[in-house]
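Trainee: dropping the sequence and predicted coords here.
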Amino acid sequence: MNAASPAKPTLVALLHGPDQPGLVAKTANWIYERDGNILHADQHRDDEAGIFFQRIEWEAAGATEGEKEDFSSFVKALGMKVSIAQSNVLPRVALFVSKIEHCFVDFLARWKMGDFPAELVCVISNHTELRSITEYYGLPFHHIPVGKETKKEAENSQVSLLRDYKVDLVVMARYMQVLSADFLATCGCPVINIHHSFLPAFAGAKPYHQAHSRGVKLIGATAHYATAVLDDGPIIQQDVSPVNHRHSVRDLVRRGRDLEKSVLAQAVRWHLEHRVLVYGNKTVVFD
Ligand SMILES: Nc1nc2c(c(=O)[nH]1)N[C@@H](CN(C=O)c1ccc(C(=O)N[C@@H](CCC(=O)O)C(=O)O)cc1)CN2
């Protein structure tokens, strides 16, 4: 049996800006004229804002690094914003967790099974309960307790670790501390959070108790980029599940776990595959 030749590295561009005629043709021709092979292209126009969004993935004929810079300059000359990633450069991910383990353990298992095109480089927790399972997966575990008086110092230690590990993405797998605006401004990478409600409903603490008190018939989970405003960042993925009057808070928590695990995993995978474009406080997801 012929061993499949390793896939050639691809470039993935996410671009957006004021719409103008011929943008799709211009980006496609630029790649074609350089003997590139477009593998995926998807675009969207926000009619209200007149903004054009595109994700384009191609095999570059030439050296990827040079082509990456040249394509970026070409797109910027069209008045567009662009980010370009190489499929063979895996983003480095840090996991933040507290005590609640279902999203964390599920994420580790999916990572071990190769579900995420990323390098998982460390775990940071404000508690110690999940050290053993982290080390079972062969990952470094950093315990940084966070108290009202020590929050600034704790966050400085977290930022130093993220820089030491050269982290490209922080995933909060039910990390129960609110990250400050300074942290988000200095951590040097995006942060994805899983919130255990169908946002914007029931933001903040104890969303399942809030949902039960309100008597909702659907519960949900939301994966979003963290901003300084709690549970208010651009939403990447959501899902819901029906509930009824017979369900206790305990039932809602149990039913919600499965939603949280799958919604977080899907959102992180889309981010790592460079399928998510943030625009204002919203996202365009080219799935
Ligand atoms: N800057 C942000 N930080 C965090 C976000 C976010 O959206 N932006 N999401 C939270 C996660 N979360 C809900 O999804 C959440 C976590 C914690 C709390 C909360 O009230 N925490 C208390 C302390 C609780 C404790 O010590 O156990 C607090 O921080 O005072 C609400 C919602 C993660 N961080």
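Mentor: All right, it came through fine. Numbering: from 1, shown residues only.
Trainee: isn't residue 203 up against residue 197?
Mentor: Yes - at 7.0 Å, residue 203 and residue 197 qualify as touching, with contact defined as C-beta atoms under 8 Å. Every C-beta, even on glycine, is put in place using the N, C-alpha and C of the backbone.
Trainee: okay, these two: which has more neighbours?
Mentor: residue 197 (24 against 15; other C-beta atoms under 10 Å).
Trainee: run a quick neighbour tally on the closest residue to the more buried one other than its chain neighbours.
Mentor: Leaving out its chain neighbours, the residue that sits closest to residue 197 by C-beta to C-beta, 6 or more residues apart in numbering is residue 207, at 3.6 Å. Residue 207 has 24 neighbours, counted by other C-beta under 10 Å.
Trainee: I'd assumed residue 196 was in contact with residue 207.
Mentor: Yes - counting by C-beta under 8 Å, residue 207 does reach residue 196; the two are 5.3 Å apart.
Trainee: hang on, the earlier thing: who are the contact partners of the residue nearest to residue 197?
Mentor: Residues in contact with residue 207 (C-beta atoms under 8 Å, 6 or more residues apart in numbering) are 195-197, 201.
Trainee: show me how the record splits the chain into domains.
Mentor: 11-86, 92-285 (automatic domain parsing).
Trainee: which parts of the chain sit against the ligand?
Mentor: 172, 175-179, 184, 193, 195, 204-205, 226, 228, 230-231, 233 (C-beta under 6 Å from any ligand atom).
Trainee: make it 8 Å
Mentor: 98, 126, 146, 148, 172, 174-181, 183-184, 191, 193-196, 203-205, 207, 224, 226-233 (C-beta under 8 Å from any ligand atom).
Trainee: what's in contact with the longest helix seen in the chain?
Mentor: Counting by DSSP state H, the longest helix found in the chain is helix 249-272. The contact list for helix 249-272 (C-beta under 8 Å, 6+ apart) reads 91, 93, 102-103, 106-107, 110, 115-118, 169, 171, 173-174, 190, 192, 194, 196, 208-209, 211-212, 219-224, 236-241, 243, 247, 276, 285, 287.
Trainee: let's see it at 7 Å
Mentor: 91, 102-103, 106-107, 110, 115-118, 169, 171, 173, 192, 194, 196, 208-209, 211-212, 219-223, 236-239, 241, 243, 276, 285, 287 (C-beta atoms under 7 Å, 6 or more residues apart in numbering).
Trainee: likewise for stretch 53-65?
Mentor: Against stretch 53-65 from outside (C-beta under 7 Å, 6+ apart): 8-16, 27, 31, 34-44, 67, 86, 275, 277, 284, 286.
Trainee: continuing past the lowest-mean-pLDDT helix or strand in the chain, what's the next helix or strand?
Mentor: Within the chain, confidence by mean pLDDT, DSSP states H and E is lowest for helix 64-77 among all helices and strands, at a mean of 93. Counting by DSSP states H and E, the next helix or strand C-terminal to helix 64-77 is strand 81-86.
Trainee: mind giving me the packing neighbours of that next one?
Mentor: The contact analysis (3 or more C-beta pairs under 7 Å, 6 or more residues apart in numbering; DSSP states H and E) places strand 81-86 against strand 10-18, helix 64-77.
Trainee: sheet partners, orientation included, of the shortest one?
Mentor: Taking DSSP bridges as the criterion, strand 10-18 sits next to strand 51-59 (antiparallel), strand 81-86 (antiparallel) in its sheet.
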